[in-house]
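Visitor: heads up, no residue letters with this:
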Ligand SMILES: NC(=O)c1ccc[n+]([C@@H]2O[C@H](COP(=O)([O-])OP(=O)(O)OC[C@H]3O[C@@H](n4cnc5c(N)ncnc54)[C@H](O)[C@@H]3O)[C@@H](O)[C@H]2O)c1
Ligand SMILES: CC[C@@H](O)/C=C/C=C\C[C@@H](O)/C=C/C=C/C=C\[C@@H](O)CCCC(=O)O
């Protein structure tokens with residue numbers, strides 16, 4: 001997919017990687033990017049990006065993505081404003097320690113339930129029968145494959161995100177709806193998620209064998225853009241670490257197809 005002149009919706013774009021993905025799409029001359037987040041300063045964030053990219057239209061839609069009807073409102077807003085959607089990125093996410101029951105359940109809701117909503121809505125709103133097809137990028141983590149020993153729900157949400165993406169991104173579904181679905185699985189990146197999770201930075205610093213090393217934003221964004229642009233990539237998980245680089249993980253492609 002050529003990003004130039006495309007219409008994108010990015011969740012979690014109020015901070016960290018989501019904001020980096022939104023900026024990257026604007027650098028590639030996307031016609032419009034809608035930032036979907038629960039941050040209170042979203043209008044300022046959008047306004048600052050609008051000043052940086054005056055040729056594009058940057059909007060902010062305040063929404064808790066765990067609320068399906070509110071989340072659908074973001075899709076309706078974008079469709080009404082531009083007529084269609086081409087790119088959806090589900091980056092909204094939260095960390096949680098096992099000791100925190102409510103935060104852990106919240107992590108399952110934000111990192112998995114809401115990614116299901118965003119993927120389902122994306123496939124519906126970009127369906128080639130009603131629209132023009134498109135691409136969905138779900139932000140998982142290497143924690144999906146290499147779980148940290150604290151964060152059961154976080155790890156499970158990311159593993160579920162990969163599985164959900166492989167299911168939605170099958171060749172059968174691509175041929176049916178014309179929407180590619182991929183997962184991006186970075187290892188640690190120095191974002192506000194790290195800074196805002198008490199004790200996490202110290203635990204990371206103590207990781208052995210170089211596993212404390214943070215990925216560069218540049219490497220993560222390059223992986224994101226590849227998943228958006230490369231039409232050959234669908235139903236894949238792209239793992240990126242500083243020590244192994246980029247790995248494309250395809251499931252066995254032996255899907256069970258239920259004719260719905
Ligand atoms: N930072 C890392 O080390 C790392 C590594 C791998 C994957 N990830 C994943 O990358 C994604 C982005 O994380 P980040 O590191 O940029 O964190 P971040 O905290 O900087 O950004 C997360 C954003 O999601 C938003 N958000 C949270 N709950 C929401 C909700 N219910 N509705 C709408 N928006 C909501 C937050 O307001 C925030 O703006 C997450 O899915 C995270 O799990 C992060
Ligand atoms: C506090 C528990 C949980 O919520 C913490 C999340 C912390 C950061 C975000 C997470 O997505 C990143 C985890 C990355 C861990 C680092 C390394 C391994 O996952 C990768 C190891 C791969 C290898 O050894 O080759």
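Guide: That came through, no problem. Predicted model only: the values in this text are computed from it and were never measured. Ligands and ions are numbered 1, 2, ... in the order given.
Visitor: residue contacts, residue 139?
Guide: Residue 139 is in contact with 12, 17, 18, 89, 90, 91, 93, 161, 183, 184, 186, counting by C-beta atoms under 8 Å, 6 or more residues apart in numbering. To be clear about C-beta, it is placed using only N, CA and C from the backbone, and glycine gets the same treatment.
Visitor: for this protein, which helix is longest?
Guide: Secondary structure of the chain per DSSP state H: the longest helix is helix 152-168.
Visitor: where does this protein dip in pLDDT?
Guide: Scanning the chain for pLDDT under 70 picks out the ranges 252-254, 260.
Visitor: which parts of the stretch 51-200 of the chain sit against ligand 2?
Guide: 95-97, 141-143, 146, 148, 150-151, 154, 187-188, 197, 200 (C-beta under 6 Å from any ligand atom).
Visitor: What angle do helix 152-168 and the helix or strand hosting residue 108 make with each other?
Guide: Using DSSP states H and E, residue 108 falls within helix 101-108. Here helix 101-108 runs at 20 degrees with respect to helix 152-168, directions being taken by axes from the mean of the first three to the mean of the last three C-alpha atoms, to 10 degrees.
Visitor: hmm, who's touching helix 101-108?
Guide: With contact meaning C-beta under 8 Å, 6+ apart, helix 101-108 is reached by 93, 94, 95, 96, 97, 98, 151, 152, 153, 154, 156, 157.
Visitor: if I pick residue 100, what's in contact with it?
Guide: Counting by C-beta under 8 Å, 6+ apart, residue 100 makes contact with nothing.
Visitor: actually residue 18, not the one I wrote
Guide: Each residue near residue 18 by C-beta under 8 Å, 6+ apart is listed here: 10, 11, 12, 35, 37, 89, 91, 92, 139.
Visitor: before we move on, what about residue 155?
Guide: 143, 144, 147, 148 are the contacts of residue 155 under C-beta under 8 Å, 6+ apart.
Visitor: The second one: neighbour count?
Guide: When neighbours are counted by other C-beta atoms under 10 Å, residue 144 registers 23.
Visitor: how far away is it from ligand 1?
Guide: Counting by C-beta to the nearest ligand atom, to the nearest Å, the gap from residue 144 to ligand 1 is 9 Å.
Visitor: Surely that residue and residue 185 touch.
Guide: Yes - with contacts counted by C-beta atoms under 8 Å, residue 144 reaches residue 185, the gap being 5.8 Å.
Visitor: got the buried residues for stretch 149-161?
Guide: For stretch 149-161, the neighbour count (16 or more other C-beta atoms under 10 Å) marks 151, 152, 153, 154, 155, 156, 157, 158, 159, 160, 161 as buried.
Visitor: So is that stretch next to ligand 1?
Guide: No - using C-beta under 6 Å from any ligand atom, stretch 149-161 stays clear of ligand 1, coming no nearer than 6.7 Å.
Visitor: Residue 147 - how many residues pack around it?
Guide: Residue 147 has 16 neighbouring residues, counting by other C-beta under 10 Å.
Visitor: list the contacts for it?
Guide: Applying C-beta under 8 Å, 6+ apart, we find residue 147 in contact with 155, 159.
Visitor: Residue 135 sits in which helix or strand?
Guide: Per DSSP H and E: strand 134-139 holds residue 135.
Visitor: Likewise for residue 115?
Guide: Element membership for residue 115 (DSSP H and E) is helix 114-126.
Visitor: likewise residue 60?
Guide: strand 57-62.
Visitor: How far away from the center of its chain is that strand?
Guide: 17 Å (C-alpha atoms, centre = their mean, to the nearest Å).
Visitor: No more questions from me, cheers.
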